[in-house]
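Asker: Fold the following.
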Amino acid sequence: MNIGVVILSISLSVNLVACLCPEAFERHGTKCYQAIGLLASWAEAKRLCNILGADLAVIESASEEAIVEGILKRKHGSVSPENYWMDGSDLLVEGEWRWMGENGNSRPITGYTAWSPGQPDNAGANEHCLEIRYSFGVHWNDYQCDHKQNFICQAP
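Answerer: The predicted structure is shown next:
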């Protein structure tokens, strides 16, 4: 077999795999998303996303926020009282918000944020997980990690 054919075959296989999303996920650029309408705590949501081959979603730019907002608009219409878990948390160190990632690979939330005014506030000294409040667009809020609500999974 010709080396050029082998390289082309490998390249096509890699590109095909890179274009696939887990079932029921929506592709946007290089990432795949799914809004899950299942009530779960933050830790349960993280495990459920992992089972689907994903993790809780991360928003690092206005364009990624617009993608998530578009997904929620298609699911609920223009506004909804629904809240969704994201991957952020300050469980490791109070006040130091991080994208938690997988297998302990957390990284600080820097640059883009979309906190609601006055947030994060750690109300009741018990709010350590990041949710999106989708009542008037996408707004970040810290909330109690054991609260059961919807979540958004993201696959690379």
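
Asker: per-residue pLDDT, the residue nearest to the spatial centre of the chain?
Answerer: The centre of the chain sits closest to A57, judged by Cα atoms, centre = their mean, with a distance of 0.7 Å. Per-residue confidence (pLDDT) for A57: 98.

Asker: likewise the one 10 residues further on?
Answerer: Confidence at I67, expressed as pLDDT, is 95.

Asker: Can we start the residue count at 321 from this point?
Answerer: Okay, using 321 as the starting number, the last item reads as I387.

Asker: For it, list the residues it contacts.
Answerer: 348-349, 351, 353 (Cβ atoms under 8 Å, 6 or more residues apart in numbering). Bear in mind the C-beta positions are built from the backbone N, C-alpha and C, glycine included.

Asker: picking up where we left off before, for S436, see how far away the residue nearest to the centre of the chain is.
Answerer: As judged by Cβ to Cβ, to the nearest Å, A377 and S436 stand 17 Å apart.

Asker: And stretch 358-369, what's buried?
Answerer: For stretch 358-369, a neighbour-count test (16 or more other Cβ atoms under 10 Å) marks 360-362, 364-366, 368-369 as buried.

Asker: all strands in this structure, in order from the N-terminus.
Answerer: Remark: strands assigned in the chain by DSSP state E are 346-348, 351-360, 375-376, 403-409, 418-419, 427-428, 449-453, 459-463, 469-475.

Asker: Tabulate those strands in a markdown table, adding columns for distance to K395.
Answerer: As requested, those are exported to a markdown table (distance: least, Cβ to Cβ, whole Å):
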| stretch | distance to K395 |
| --- | --- |
| strand 346-348 | 11 |
| strand 351-360 | 5 |
| strand 375-376 | 17 |
| strand 403-409 | 10 |
| strand 418-419 | 23 |
| strand 427-428 | 28 |
| strand 449-453 | 12 |
| strand 459-463 | 17 |
| strand 469-475 | 9 |
